[in-house]
Each structure stands twice: as structure tokens, then as C-alpha cells.
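Student: Sharing a model prediction with you, sequence too.
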Amino acid sequence: MLNQLPPTNQKPSLISRIREIWNKLTTPHPSITDVREFRKAQLLSILTLILTILLFVAVLYGPRSLGIFGILTVATLASYLVSRSIYYKFGAYIFTFSYTAIGFLTLYYGTATSVESAVSSTVFIAIIFSSVLLSRRSFILLVGLATLATFSVPLYSKTPLAVTDSIGRTGGIVLVAGAILYGISVFRENLEKEQIEEIKNTNRKLEDLAANLEERINERTQELQQVTEQTQQRASRLQAISDISQEIVSSITQKPDEVLGRITQIISKKLGYYHVGIFLLDKDEEYAVLRAANSRGGQKMLARRHQLKVGGIGIVGYVTQSGRPRIALDTTTDAVFFNNPDLPETRSEISLPLKYGSTIIGALDVQSSLPNAFKDEDVDTLSALANQIAIVIKNIQTAEDAKYGISNRTIKFAQRDIQHGYSFQPDGSIIMTTLPQNNPQLDKAIASGETVVLSAPSKDSQPTIAVPVKFRDQLIGIIHIESNETNRNWTEDEVSLVQAISDRAALALENARLLEDSQRRAAKEQAIGEISTKLGATADIEAILRTAVRELGAQISGTQVTVEIGGGKK
């Protein structure tokens with residue numbers, strides 16, 4: 001069976017009803033908001049309500065002093081009614097002063113049995129509650145009047161003094177009781193003030209702490225936002241650098257001037273700079289000649305073959321001599337900056353050397369229309385880009401020097417060659433290794449020529465990045481990275497970094513191939529020249545044949561060389 005839920009409309013118990021009625025009868029006026037005054041008004045309501053009920057019951061029993069009880073009942077009821085209003089303080093005065101006066105009126109009319117009974121029945125009650133309900137001045141006034149009225153009882157009292165009555169003792173008790181209650185009241189108020197002050201201090205400290213915490217939270221939030229923005233900017237910049245590298249590699253088959261012009265346009269478009277120029281040193285390395293630019297002013301400079309002296313005025317002159325990057329954050333105050341009338345909008349500039357190895361071959365000049373547009377991290381990213389541009393330029397120069405005599409083949413690894421490479425180990429060592437067989441990520445990267453990223457691997461594989469190394473859309477190698485952490489998630493920065501390294505590695509390998517081919521061709525031409533010289537040094541046929549055989553045998557080791565002349569039958 002299902003458990004039955006208890007009914008929600010049960011009638012309240014008798015005690016609850018009584019408590020509810022009592023709260024309604026003793027709750028002060030809603031306009032009283034101060035906690036201390038609220039408690040005083042509530043205490044007066046409770047006290048006068050209880051006394052009203054008791055006195056009403058006493059009147060029903062017909063006491064001997066019915067008039068006195070009637071007056072007390074009316075005064076108490078009036079105090080109760082006033083205590084429920086906004087004028088509760090007036091009710092406190094009615095209660096305390098009327099009770100004090102009634103005590104002495106019984107002596108004046110002679111209805112009291114003794115002086116001590118008259119004073120103790122109402123006056124002491126009034127003094128006790130006045131110490132709580134009245135202000136200090138009102139309390140002192142009440143105690144003073146009660147004491148004076150007690151000591152002057154013989155002057156107006158119609159009640160005969162009993163043997164046990166002592167005016168001095170009764171008046172002294174009233175005075176001492178008033179003094180004690182006054183001291184307790186002062187002590188209590190001071191204690192409350194100290195507590196209130198302590199609470200205020202604590203609240204003030206809490207408010208200061210909350211304000212400091214809020215300020216620190218705002219500071220941390222701003223710092224986090226700044227770090228997030230910097231991270232996003234860095235990621236977008238790395239992505240832009242990677243895109244620039246891809247486009248540079250894809251445009252390398254164009255003519256040299258077209259390639260350099262395309263590079264300046266790509267950098268300006270991707271990174272949002274006002275002017276980008278590429279300077280190359282002349283044969284004598286005396287001047288840096290502008291070879292490519294993207295801006296209108298740069299085109300004018302190209303038309304008049306703009307050049308700057310190495311080590312001369314301007315940031316480009318400084319960079320091409322020193323081989324170190326140079327930043328002008330504010331061109332209006334930088335002493336090295338050269339004010340070019342063709343580029344009037346320039347407000348900040350950075351120039352980076354184009355270096356192949358340790359040789360300076362030119363400079364990459366980037367200018368912005370905004371002041372303070374370049375930061376320290378821009379030096380690193382643009383330097384990496386400048387290194388790549390230097391490799392491209394060197395490739396072009398090497399190809400031009402070879403005069404197209406070298407085979408235009410590109411590096412292409414056979415299946416067995418692409419299996420061998422070098423591996424970086426966790427201990428920092430580098431070993432020769434082979435790529436893992438039957439690896440789906442590697443196979444996919446090799447087959448498609450695209451980057452493969454695996455961040456949520458299965459039980460049989462690790463988080464992997466596989467980036468093809470390509471030159472002119474030809475696969476020449478692959479970079480394979482595996483993480484030891486099974487829950488590793490590759491970030492965009494990491495993927496962009498590996499792709500950028502792949503692009504630079506492809507250019508460096510192609511440059512090494514061109515250099516190797518050039519050296520091989522030069523060595524071959526040198527050997528042919530030396531052999532030709534030796535062959536031409538004699539006119540003797542036998543000597544020529546012996547020289548030819550000997551020189552060919554020396555150049556082509558591990559072979560048997562035979563030279564025959566003629567061929568007719570003997």
C-alpha cells in the first residue's frame with residue numbers, strides 16, 4: 001500500500017492559537033523600527049496586559065479597597081492601550097507615575113494599613129519598571145519624588161504610624177533601591193553601547209573585507225580577462241603566422257619579385273599592418289634596396305628604386321648593420337626613425353633582419369598607423385617569419401645562381417625512406433628511429449597530406465598529432481607526436497606550432513637540397529675542368545689515354561675503367 005501523505009490543512013493546536021493571540025495583543029505598533037524601543041514597547045504591553053487581567057480578577061472578588069483597585073485597573077489598562085500605539089512612551093509614564101502616586105494617595109486618604117505596605121505594594125514596582133522603561137532623567141525624577149514623598153509622609157499621611165514603621169528606613173530603602181537600579185541601568189546601557197560598538201566594528205571590518213574581496217575579485221577577473229585576451233590574440237597571431245607560412249610555400253613557384261610582393265601583401269592582410277617592405281642587400285652589401293612593398297607609398301618607393309645605406313639613418317640601416325631587431329614605439333620621439341614622406345601615416349615601426357645562418361641578406365620592415373603597436377612577443381613571432389622569408393629568398397637566389405642547370409626535381413621520400421627519422425625521448429636524448437607500422441593516423445596523414453589530430457584516443461592508441469612536411473604540394477616527410485597522457489587534449493597553439501615548424505622544415509630541406517645540388521654540380525664542373533686541363537697538356541695519344549683512365553678511376557672509385565680506340569679486327 002502506498003504511504004498516505006499527511007494532510008496539509010490541519011487545524012492549529014490550542015497552544016498555537018493562544019500564542020498567536022498573545023503575539024497580536026503584545027506586538028507594538030509597526031512604525032516602531034528601532035530594536036531597543038521595540039523591546040521596551042513590547043515589555044510595557046506584556047506587563048500592563050498581565051496586570052490588567054490580574055487586577056480585573058481581583059476587582060471581581062470585591063476587595064476592601066475597591067476604589068484603589070479600580071484606579072489601578074483603569075491606569076494599567078490605559079497604559080496598555082497607549083503602549084500599542086506610536087506613543088508607547090507616554091504609556092510608560094502613565095504606568096510608573098500613576099503607580100507611584102497611588103501608593104502615596106493611600107497614605108493621604110488613610111486607606112493604607114502601614115507606610116511600608118503602601119510603599120512596597122506599588123512604589124517599588126513603579127521604580128523597578130521605570131528603570132527599564134523610562135529615560136535616565138525621568139527615572140531620577142521619579143526616584144527623587146518617591147524619596148521626598150516617603151520622608152514627608154508625617155506631613156500629609158492620615159494613616160497612623162505603626163510600631164514597625166520607620167520613615168527613615170523606608171525612605172532610605174527607596175533611595176538606595178533607586179540608586180542601585182540607576183547603577184544597573186547605566187551599566188547595562190554602557191554594556192549595550194560597547195556591544196553595539198563592537199558589532200559596528202565587526203560589521204565595518206566585514207564590509208571592508210567584503211569590499212576588499214570584491215575589489216580583489218574584480219582585479220582577478222580583469223587579469224583573467226586580460227590573460228584570456230592575450231591568449232586569444234596569441235592564438236590568432238600564431239594561426240595567422242601559420243596561414244602566412246602556408247601561402248608563402250604555395251607561392252614559391254612564382255617569379256622572385258612576385259613572391260616577395262605576395263609575402264608583403266599576405267603579412268599586411270593577415271596581421272593588419274599599414275606598410276610591409278622587404279629590403280635586400282646589394283652585391284657590395286653597401287645598401288639595403290627595397291625589393292617589395294604592399295602600400296601605395298611603398299609602390300612609389302619601388303618605382304624610384306628606394307635604398308638605404310647599411311648602418312646609415314633609419315631603422316632599416318641600423319638593423320642591416322647590427323643584425324638585431326629594432327622597434328620604434330613612437331616615431332615622433334624615436335631618434336633612429338627616418339621620417340619618410342611616402343609613408344606619412346606611420347606612428348610605430350619594427351624592423352627585423354633577414355638572416356641566412358649568420359649572414360645578413362636584408363631586412364623585413366613593418367610599419368603601423370597606431371603608436372605602441374608592437375610588443376616584445378611580436379619580435380619573436382615576426383622574427384620566426386623573417387627567418388622563413390630569408391630561407392625563401394635564399395632558395396630563390398640559389399636557384400638563380402644555378403641558372404636552372406640543376407634538375408628541378410624536388411625532394412621526395414620513397415616509402416622505405418619515409419619510415420626512418422629521428423625521435424626526441426622524454427630524457428632529452430635524440431635517437432634514430434622508425435615510424436610505427438600500421439598506424440591509422442600516420443597512414444591518413446600520408447595519404448591525405450593533411451594534419452591529423454587525435455585528442456580522444458581509444459584503448460589501443462595515444463593522443464597523436466601527425467603533420468605532413470610538404471613542399472610545393474609534394475610530401476617529403478612527416479612529423480609525428482604522441483603524448484604519454486591518455487587524456488591529453490591538443491590546443492590550437494600546439495597544432496599551429498607544429499604546422500609552422502613543418503613549413504619551415506620543408507623550406508630548409510629544399511634549400512639544403514639546392515645547395516647540395518649546386519655543390520655537386522660545381523664539383524663535377526671542377527673535375528671536368530681539371531681532367532680537360534690534364535688531357536690538353538700533352539699531344540701523345542698514349543699519354544692522353546692513360547691520363548683519361550687514371551683520372552676517371554680516381555673520380556669514380558670502386559670501378560674498372562677501360563678506354564679503347566679503334567675496334568677493327570686484327
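Tutor: Looks like it arrived, so ask away.
Student: ranges for the helices of the stretch 351-500 of the chain?
Tutor: Assigned by DSSP state H, counting those that start in this stretch, the helices in the stretch 351-500 of the chain fall at 376-401, 440-448, 492-536.
Student: looking at those, which is closest to residue 329?
Tutor: Nearest to residue 329, of all the helices of the stretch 351-500 of the chain, is helix 376-401, at 11.0 Å by CB to CB. Every residue, glycine included, has its C-beta placed from N, CA and C.
Student: Name the residues of that closest one that are buried.
Tutor: For helix 376-401, burial by neighbour count (16 or more other CB atoms under 10 Å) applies to 378-379, 381-396, 398-399.
Student: what is the orientation angle of the one helix or strand residue 554 maps to with helix 492-536?
Tutor: Per DSSP states H and E, residue 554 falls inside helix 541-555. If you take axes from the mean of the first three to the mean of the last three CA atoms, to 10 degrees, helix 541-555 sits at 160 degrees to helix 492-536.
Student: Provide a list of residues in contact with residue 139.
Tutor: By CB atoms under 8 Å, 6 or more residues apart in numbering, the contact set of residue 139 is 130, 131, 178, 181, 182, 185.
Student: Checking it next. Helix, strand or coil?
Tutor: Three-state assignment for residue 139 (DSSP: H, G, I helix; E, B strand; the rest coil): helix.
Student: list the contacts for the closest residue to residue 504 other than its chain neighbours?
Tutor: Nearest non-adjacent residue to residue 504, counting by CB to CB, 6 or more residues apart in numbering: residue 388, 5.5 Å away. By CB under 8 Å, 6+ apart, the residues touching residue 388 are 245, 248, 503, 504, 507.
Student: what about 10 Å?
Tutor: Residue 388 sits next to 241, 244, 245, 248, 249, 263, 354, 500, 503, 504, 507, 508 when contact means CB atoms under 10 Å, 6 or more residues apart in numbering.
Student: again, but for residue 82
Tutor: The contact partners of residue 82, by CB under 10 Å, 6+ apart, come to 41, 44, 45, 48, 88, 89, 90, 91, 92, 93, 94, 95.
Student: would you turn the residues you listed into TSV with secondary structure and pLDDT?
Tutor: As requested, the contacts of residue 82 are arranged in TSV below (DSSP: H, G, I helix; E, B strand; the rest coil; pLDDT from 0 to 100):
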residue	secondary structure	pLDDT
41	helix	86
44	helix	86
45	helix	88
48	helix	87
88	helix	84
89	helix	88
90	helix	91
91	helix	87
92	helix	88
93	helix	90
94	helix	90
95	helix	88
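Student: residues near residue 551, how many?
Tutor: 18 (other CB atoms under 10 Å).
Student: got a pLDDT number for it?
Tutor: At residue 551, the model reports a pLDDT of 75.
Student: again with residue 388
Tutor: 82.
Student: can you check residue 335 too?
Tutor: 53.
Student: now do residue 428
Tutor: Among the per-residue scores, residue 428 holds a pLDDT of 63.
Student: Can you report how many residues lie near residue 300?
Tutor: For residue 300, the neighbour count with other CB under 10 Å is 14.
Student: contacting residues for it?
Tutor: By CB under 10 Å, 6+ apart, residue 300 lies in contact with 293, 306, 341, 342, 343.
Student: and residue 55, which of the helices of the stretch 351-500 of the chain is closest to it?
Tutor: Residue 55 sits nearest to helix 492-536 of all the helices of the stretch 351-500 of the chain, at 88.0 Å, using CB to CB.
Student: that older thread, any idea how far the residue nearest to residue 504 lies from residue 505?
Tutor: According to CB to CB, to the nearest Å, residue 388 and residue 505 sit 11 Å apart.
Student: Buried residues of stretch 480-493, list them for me.
Tutor: For stretch 480-493, by 16+ other CB under 10 Å, it's 480, 481, 482, 483, 488, 490.
Student: Correct me if wrong: the fifth one contacts residue 482.
Tutor: So that's residue 488. Yes: using CB atoms under 10 Å, residue 488 is in contact with residue 482, at 9.3 Å.
Student: residues shared between the contacts of the two?
Tutor: Joint contacts of residue 488 and residue 482 (CB under 10 Å, 6+ apart) are 454, 457, 462, 463, 464, 465.
Student: Would you convert those into CSV that also reports pLDDT, neighbour count and distance to residue 421?
Tutor: Shown next, in CSV, are the shared contacts of residue 488 and residue 482 (pLDDT from 0 to 100; neighbours: other CB atoms under 10 Å; distance: CB to CB, whole Å):
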residue, pLDDT, neighbour count, distance to residue 421
454, 76, 19, 19
457, 62, 16, 22
462, 75, 15, 18
463, 81, 19, 20
464, 81, 21, 15
465, 82, 23, 15
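Student: among these, which two are most distant?
Tutor: Greatest spatial distance in these: 457 and 465, 11.7 Å, computed using CB to CB.
Student: which residues do the two both contact?
Tutor: Residues touching both residue 457 and residue 465 (CB under 10 Å, 6+ apart) are 441, 482, 483, 488.
Student: now, which of those residues sits nearest residue 319?
Tutor: Closest approach between these and residue 319, by CB to CB: residue 483, at 39.6 Å.
Student: Local confidence estimate at that closest one?
Tutor: 78.
Student: Report the spatially closest residue to it, excluding sequence-adjacent ones.
Tutor: Counting by CB to CB, 6+ apart, residue 483 lies nearest to residue 463, which is 4.2 Å off, once chain neighbours are set aside.
Student: isn't that neighbour right next to residue 491, touching?
Tutor: No: applying CB under 10 Å, one finds residue 463 not in contact with residue 491, separated by 11.7 Å.
Student: who touches both of the two?
Tutor: In contact with both residue 463 and residue 491: residue 455, using CB under 10 Å, 6+ apart.
Student: related to what we said a few turns ago, list the contacts of the residue nearest to residue 483.
Tutor: Residue 463 sits next to 453-457, 481-490 when contact means CB under 10 Å, 6+ apart.
Student: could you redo the last one with a cut-off of 8 Å?
Tutor: Applying CB under 8 Å, 6+ apart, we find residue 463 in contact with 454, 455, 456, 457, 482, 483, 485, 486, 487, 488, 489, 490.
Student: Just send those back as TSV, with distance to residue 110 too.
Tutor: Output for the contacts of residue 463, formatted as TSV (distance: CB to CB, whole Å):
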residue	distance to residue 110
454	112
455	107
456	106
457	110
482	115
483	109
485	105
486	106
487	102
488	106
489	103
490	108
